[in-house]
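J.: Here is the input, now give the coordinates:
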Amino acid sequence: MQSRNPVQPVLLMFPLGLFAVAIILDLGTLLGAPAIIGTLAYWNIVAGLFGGIFGVVVGRPRVVILLLDMGVLFYFATLALVRVRSGDRLADPGLLLLELLGFAAALTGSWFGGRLDPNHSAGMRRTASRSTDDSAGLSTTRRRGAA
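T.: Reported below is the predicted structural model:
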């Protein structure tokens with residue numbers, strides 16, 4: 001098994017959170033919040049892109065997961081470029097729907113990579129304890145020879 005960077009799951013979840021906040025802020029803008037909230041959503045997407053690139057460079061995930069993560073980053077980069085064309089960088093309902101689809105793809109990639117479920121992630125899995133590892137006698141498993 002290859003050694004993984006223990007910080008990689010955090011680095012790859014940070015952009016996912018920024019994309020989620022951008023979607024929430026865009027939804028707020030569409031529901032009547034001030035235009036500055038839409039601009040803040042745009043900058044959340046940009047920060048998520050930089051964080052995602054950093055996370056991909058630092059970590060060494062499998063090829064399929066790497067391609068899916070990079071696809072999501074390219075997708076959100078395209079959405080950010082579409083928003084640059086407008087002066088106030090606000091999202092319309094169609095762009096919000098595209099952001100939701102990209103976020104769903106990011107969640108799928110994270111789930112497939114095992115970064116959302118720590119019990120299935122190779123970097124976060126604990127080894128099974130054996131009775132020989134329990135020098136203090138705190139194990140709840142039954143020892144051989146004990147009545």
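J.: Now do the SS call for Leu90.
T.: coil (DSSP: H, G, I helix; E, B strand; the rest coil).
J.: Just list the residues touching it, thanks.
T.: Leu90 makes contacts with Asp26, Thr29, Ala35, Gly38, Thr39, Arg83, as judged by CB atoms under 8 Å, 6 or more residues apart in numbering. Glycine gets a C-beta too; all of them are placed from N, C-alpha and C.
J.: After the host helix or strand of Asp69, which helix or strand is next? Please name it.
T.: Assigned by DSSP states H and E, Asp69 belongs to helix 63-84. Sequence-wise, the next helix or strand downstream of helix 63-84 (DSSP H and E) is helix 93-112.
J.: quick one: that following helix to helix 63-84, angle?
T.: Angle, helix 93-112 to helix 63-84, by axes from the mean of the first three to the mean of the last three CA atoms, to 10 degrees: 160 degrees.
J.: Point out the other helices and strands that helix 93-112 packs with.
T.: On a contact count with 3 or more CB pairs under 8 Å, 6 or more residues apart in numbering; DSSP states H and E, helix 93-112 meets helix 8-30, helix 63-84.
J.: Could you dump those into CSV and include distance to Leu49 and mean pLDDT?
T.: CSV is the format used below for the helices and strands packed on helix 93-112 (distance: least, CB to CB, whole Å; pLDDT from 0 to 100):
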stretch, distance to Leu49, mean pLDDT
helix 8-30, 7, 85
helix 63-84, 6, 81
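J.: Tell me which two in the contacts of Leu90 are the farthest apart.
T.: Ala35 and Arg83 (12.4 Å; CB to CB).
J.: Which one of the two is surrounded by more residues?
T.: Between Ala35 and Arg83, counting by other CB atoms under 10 Å, Arg83 is the more crowded of the two (23 against 12).
J.: Chain neighbours aside, what residue packs nearest to that one?
T.: Leaving aside its sequence neighbours, Arg83 sits nearest to Arg89 (CB to CB, 6 or more residues apart in numbering; 4.7 Å).
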